[in-house]
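Trainee: 3D, please:
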Amino acid sequence: MRPPISSSELSKGPVELSEHRGPRVNWRVFVTSSAIILGFSVWAMLLPDQASATMQAAVTWISTNLGWFYVVTITLVILFVLWVALSKEGGVRLGPDHSRPQYNLFTWVAMLFAAGVGIDMLFYSVTGPITQFITPPSATPESAEALQDSVIWTMFHYGVAGWSMYALLGMAMGYFAYRWGMPLSIRAVLYPLLGKRVRGAAGDVIDIFALVGTVFGVATSMGIGVVLLNVGFSWLLGIPEGLALQIALVLVAVIMTVAACASGVDKGIRLISELNLWAAGAMMLYILITGKTAFLLNAMVENIGRFVLTLPERTLKTFAYTDGGSEWMGSWTLFFWAFWLAWGPFVGLFLARISRGRTLREFVIAAITAPVLCDFFIVTIFGNSALRQVLEGNTDFAELAMDSPEHGWYALLEMFPGAPFLIGLATLSGMLFYLTSANSGAMVMANFSSSIPDPSVDGAKWLRIFWAVLTAVLTVSMIVAGGVTTMEHATLIFALPVTIISYLVMASFSKVLRMERAEREGQVRRRRSMAIHGGQTPEKTWRQRLAQLRSYPSKKAVAQFADRVVEPALQEVLNEFNGLGYDAELTSEPNLETGISEHTLLVNMEDHRNFHYQVAAVEAPAPMFGGRSMSRQIDVYYRLEVFTQTGTEGYDLMGLTEQQIINDVLDRYEAHLGFLHYSNEHDYASVLTPVMPTTTGTIPRIPASADDVEPLEEDRPQH
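Mentor: Residues are numbered from 1 along each chain as shown. Predicted coordinates for the structure are as follows:
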């Protein structure tokens, strides 16, 4: 089915967020964020010892005094996204009610996985389990309890918590962008709380925090990736390891990222995402088949079961009664929570960008299950393979994995048959992880440093190139200042402001979800007329009504009905509204694609949401059921559907009388008044009061598969 109008046309965001329709650089955010990052980079490169010591002191203070805050924040985020998914509002779409996903399930999950998982997961998949087995946080070292928990801790750190943060920011940004036509940004998400202030200094501060946290999160992942790939390319090509090779890898990544950014989301990120998933899958399958298959599968099942059973306890665990607990938390759980928080705005925006048309429930469940299961598969395969070596007495390997995780990872790969092939495949997979993060990160950073009212548009290409280069500079500076440890410390420090943003997002989003509930309750409260069921005094006999159900009107018939029946009915309602003192208007404009006039009745509700009743033709495939042989002669037919602010109401006006259409308008108007009354009773009325301009234009047909999707920059309505 081809919807006639887009979400941004159906419902514009508040005018103060939509004054400039074209993308433009937000110089305050751009300059301030660039100065912070460049200043830190110069400091870390010129005074590496001082930078390392200062960050170490800051991390120690945060771990000791604010560890509980990170833990509580992540716990609340998990509970919030689960509440959204399981609530009645979980059926709300990221877009108008008639919108449908642009990508098929496999492509969408691949992009979810590739954008939210960096090469750092490969880095920690070996050193994490071995470290938790030999030096556990609370259990006896190398005991059965430590062995059972060793892989679980890494699964926990790469599990539901982080993806819940991604889901929170992604669904919030996607909701406001695609359902209400607001910019795809965090500042727009906070409009219900801050109002017009999101356009000023308050909004800039939010974007600066999100942007700086994103840059440090991506730079940390890139830095870890460079350290890991440094070993891989040295093994494959015989190039000496060291800073020179690491810098060369950073430069190669920048060049490839620039090329991918220039090709756009569909051509660049989508291709890398799918290659990434296939390469990672092939690597895991090879290790599973050539390794201890039965042991790995048994361990995986047990690991997942133990993870599920202990998740609540681990989520709130702070090791307050354990000696050295704060140090362990700072090195592991708090670092990972900070890492997820720093990546939250970046991955959240990207996930929102590719998830238009998904329901909130579908979005949340997919985000916290499909990629998490992929993470578990990688962690358990690598982690249990490494632990098997330790249990068999390979202490040299255990020490190497703890002291030099990058060498430990490749040392494990050397133990499998066909090591050169496996190491080449693993290095390719790692490079794809690396490129996906850098590529997606450059696009998101450009968006955060721009004012882009149209959610289908990205920041300027030169901005993407700039951020790719600056992120590379930051990566090199942190490598010079102390390597992986310095990156971990910087992430923990700069992620702290993002925790505040997460609380604001939850408060704002819960407010608009209550508004959605108010709209639904308003419809329940309305006095139902009999408009769409034939009116109170139906003019058709049941035989005539049955014949109407077998009718599939042509474009000409629908156009005539719209002009001869629908428009007079709406004009009569308009005259009555105006006669009673309402501020109402009726507009009629031809659809650019079908040529059939679209009639829109708009009633101004002053400070509240306007009443919007639009009748537009929708092209639909002719069904083959019901014994209707004539339908085989045509491929499509046309329906006259009613559209309100949130999309189509799903029924056809064809065949109704003028009186029945008038009754339907009043039916919708009563539902709207019910929503406003319910909103006033519960103080939700002022959450969003969007401007409703005349709608024109079309949106592309929803494709049958992702292969039919046009590039997103070309996928927006023409005005």
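
Trainee: ok, now how distant is Phe611 from Ala584?
Mentor: Using Cβ to Cβ, to the nearest Å, we find Phe611 at a distance of 8 Å from Ala584. Glycine gets a C-beta too; all of them are placed from N, C-alpha and C.

Trainee: what about those two, which has more around it?
Mentor: Shown here are Phe611 and Ala584; by other Cβ atoms under 10 Å, Phe611 has more neighbours (24 against 18).

Trainee: For that one, which residues are in contact?
Mentor: Taking Cβ atoms under 8 Å, 6 or more residues apart in numbering, we find Phe611 in contact with 601-603, 605, 668-669, 672.

Trainee: So how do I select the buried members of those in ChimeraX?
Mentor: In ChimeraX, this line selects whichever of the contacts of Phe611 come out buried by 16 or more other Cβ atoms under 10 Å:
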select :601,602,603,605,668,669,672
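
Trainee: can the contacts of Phe611 go into CSV with extra columns for secondary structure?
Mentor: Below are the contacts of Phe611 laid out as CSV (DSSP: H, G, I helix; E, B strand; the rest coil):
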residue, secondary structure
Leu601, strand
Leu602, strand
Val603, strand
Met605, coil
Arg668, helix
Tyr669, helix
His672, helix
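
Trainee: Name the nearest of the contacts of Phe611 relative to Asp149.
Mentor: His672 (55.6 Å; Cβ to Cβ).

Trainee: In terms of pLDDT, where does that closest one sit?
Mentor: On the pLDDT scale, His672 is placed at 79.

Trainee: measure the closest residue to it other than its chain neighbours to Glu670 for me?
Mentor: For His672, ignoring the flanking residues on the chain, the nearest one in space by Cβ to Cβ, 6 or more residues apart in numbering is Phe611 at 4.8 Å. Separation of Phe611 from Glu670 (Cβ to Cβ): 10 Å.

Trainee: now Ala438
Mentor: Distance of Ala438 to Glu670, given as Cβ to Cβ: 54 Å.

Trainee: for Leu360, same thing?
Mentor: For Leu360 relative to Glu670 (Cβ to Cβ), the value is 27 Å.

Trainee: Who has more neighbours out of the two?
Mentor: Leu360 (25 against 17).

Trainee: for that one, what are its contacts?
Mentor: Leu360 makes contacts with 84-85, 89-94, 171, 175, as judged by Cβ under 8 Å, 6+ apart.

Trainee: Please pick the buried ones from those residues.
Mentor: The neighbour-count criterion (16+ other Cβ under 10 Å) marks 84-85, 89-90, 92-94, 171, 175 among those as buried.

Trainee: just to revisit the earlier point, would you mind giving me the confidence score for the residue nearest to His672?
Mentor: In this model, Phe611 is scored at 87, pLDDT.

Trainee: Backbone dihedrals for it, please?
Mentor: With angles defined as degrees, to the nearest 10, Phe611 sits at phi -90, psi 130.

Trainee: just use 13 as the starting number from now, easier for me
Mentor: With 13 as the first residue, the last one maps to Phe623.

Trainee: Quick check: it vs His110, distance?
Mentor: 19 Å.

Trainee: Same check on Gly420?
Mentor: Distance from Gly420 to His110, counting by Cβ to Cβ: 52 Å.

Trainee: Same check on Val320?
Mentor: Val320 is 37 Å from His110, by Cβ to Cβ.
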